[in-house]
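[1] What follows is a predicted protein model with its sequence.
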Amino acid sequence: MIMDRTGHRSEKAVRTYKRPADSMLKDVSNILNPSNKQIKLEDPKPFTDTRAILPEQVCEKVKDVLDKKAEEELCSFQAEVQLGEHLTLDYRLLSAPHITSEYIEGDFKGEVFWTMNRTEAPFAPSPMATITDNKKMVYLTVSDYIFNSMGYQAHAHGLLMYNLTSQKMRGDDDLLNTTCKDTCIGKLIPQIGQLYPNSQVEIHLQSTDWPRVFITEKAVQILSKSNVTFSARKPDNTLHFMFRIHAVTMASVKIKLNGDALSGTIDYMKVETNVTNSLIGNIDEATFQLLVDDAVKKVIKPMINDYLKDVGIRLPSTDNLQFKDAKIELLTNTILVETNVKITPNTKKMKSTVLKYKPMVGRQDIKDRFRL
C-alpha cells in the first residue's frame, strides 16, 4: 500500500498494457509515422527479410514510446480541479509513477480542500479495495474519501445551506402558500393558514453535521443531518418564524460516467423529521411527515437531480486521452472505473499548459510545489 505523508491513499490509476487486437493495429502507422510521410526504403530487402525485420522494429518503437513517454504522459495530469468557487480537488501525484514491463501505476492524493485554507479533514481515508482484473487498459479506483472530504469542507465553511421559496418550486409554487383552493401548506397545517393568511412560507435549511458517504458493493449512500426552519412571509414583506424541525436524510445515488467525469443522480431519498421548536402550537408530526414525503417526491428530488445533471468530478486525464467502453463497478469504500483508452498523438509540439508533478517539500504554498 502506497500512502502520502498523512497516510492518505485515495486515488489510484493503473494502466495495464497488453497486445492490442488485430483490429486495433490498423492505426499503428499513425503512431510510428504521425506526419504520414511516405517511407522510402534506402536498401530494399527481399520480402522474407523485411517480414523478419519489421516486427522487431515495431516492438522497439512501441517499447521506446512506453519507456520514454509513459511517465511524461502521467505527469501531465491536472494537479488540481476547481469545484465551484470555493472548493479544490487535489489530484497531486504522491510519487513518481511506477513503471514496469507489465503495467504503469500512479498514486494520486484525491482530497478536497477549501481553496483559501488547505486544512486537512479530521478523519483518515478508509482502506481501498484491491484491483484483481486486468482485462481493460486502465483502472481508476476512486475512494469515498474524495466525497467525504468535500462534504466536510462544505459543511465546515457554511456552504450546506439553502433557502427554498415558491419562486424556486418550478411548477409547484402553490405548495408554499398559506391560503389556497386546493393543496398547500396552509391547509395541511391549519394553524399556518389561520395565523398567516395570504402569505407564503419560506424554508431555510442548514446542515448540522458534515454528510457521510458510504460505498458498498451494492450502493452509494449519503447520510445528512440538518435543521430546517419554516417562516411566513406576510404581504407587508415581514418574515415571521413559525417552527423548526430536525431532518435526517438518507439518499441512494446512481453513479455514472460522463466522458472523463463522475456524476450521479438521486435514485432513492427518504427524509425523517421531528419538530424541535414551534411558535404556532402543536404540529401533527404524522401529517407533517406525509407532507415532507410528498415534497421529496414531487419537488426536492427532481430539483436536486436537475442540478446534478450539469455537475461532476473530473477524473485524472490528459487532453489527448479519451475513455472507451468504460464501466463502473462498486467495491467496498471504492468506485472502480475500468476502461479502454483512445490516445490521439499530438502532431504539433506545444508547450503544456497543465500543472506537472514535482516532489512535495513540506507544506509550502502550492506555487512552490508545481511548475508549468
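    Ah, there it is.
[2] Now do the helices in the stretch 251-372 of the chain.
    All helices of the stretch 251-372 of the chain, identified by DSSP state H, counting those that start in this stretch, fall at 285-295, 301-308, 366-369.
[3] and those as JSON lines, adding mean pLDDT and mean neighbour count?
    The way it works is simple: take the backbone N, C-alpha and C, and place the C-beta from them, glycine included. Formatted as JSON lines, those follow (pLDDT from 0 to 100; neighbours: other Cβ atoms under 10 Å):
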{"stretch": "helix 285-295", "mean pLDDT": "88", "mean neighbour count": "15"}
{"stretch": "helix 301-308", "mean pLDDT": "88", "mean neighbour count": "14"}
{"stretch": "helix 366-369", "mean pLDDT": "36", "mean neighbour count": "12"}
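[4] Same list, those helices, but as a markdown table with distance to residue 205 please.
    Formatted as a markdown table, these follow (distance: least, Cβ to Cβ, whole Å):
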| stretch | distance to residue 205 |
| --- | --- |
| helix 285-295 | 12 |
| helix 301-308 | 12 |
| helix 366-369 | 33 |
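[5] so which of these comes closest to residue 154?
    When the helices of the stretch 251-372 of the chain are ranked by proximity to residue 154, the top entry is helix 301-308, at 14.2 Å, counting by Cβ to Cβ.
[6] just the CA coordinates of that closest one, formatted as PDB?
    What follows is helix 301-308, C-alpha atoms only, in PDB (Å, rounded to 0.1, in the frame of the first residue of the first chain):
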ATOM      1  CA  LYS A 301     -35.600  15.000  -5.500                       C
ATOM      2  CA  PRO A 302     -36.300  16.300  -9.100                       C
ATOM      3  CA  MET A 303     -34.800  19.700  -8.200                       C
ATOM      4  CA  ILE A 304     -31.600  18.000  -6.900                       C
ATOM      5  CA  ASN A 305     -31.300  15.800 -10.000                       C
ATOM      6  CA  ASP A 306     -31.900  18.700 -12.300                       C
ATOM      7  CA  TYR A 307     -28.900  20.400 -10.600                       C
ATOM      8  CA  LEU A 308     -26.700  17.300 -10.700                       C
END
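[7] Show residues contacting that helix.
    With contacts defined as Cβ atoms under 8 Å, 6 or more residues apart in numbering, helix 301-308 is touched by 168, 170, 263, 264, 265, 266, 269.
[8] Which PyMOL command selects the buried ones in the residues you listed?
    Written as a PyMOL command, the selection of buried residues from those, which uses 16 or more other Cβ atoms under 10 Å, is:
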select buried, resi 263+264+266+269
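[9] Out of the contacts of helix 301-308, flag the one nearest to residue 104.
    Closest to residue 104, out of all of these and judged by Cβ to Cβ, is residue 263, at 26.6 Å.
[10] rewinding a little: tell me which of the helices of the stretch 251-372 of the chain lies nearest to residue 335.
    Evaluated over those, closeness to residue 335 peaks at helix 301-308, with 15.7 Å, by Cβ to Cβ.
[11] Now do that closest one and helix 285-295, the angle between them.
    Taking axes from the mean of the first three to the mean of the last three Cα atoms, to 10 degrees, one finds helix 301-308 and helix 285-295 inclined to each other by 40 degrees.
[12] Could you list the low-confidence segments of the stretch 201-350 of the chain?
    316-319, 345-350 (pLDDT under 70).
[13] if we go to 80?
    Scanning the stretch 201-350 of the chain for pLDDT under 80 picks out the ranges 259-260, 310, 314-321, 343-350.
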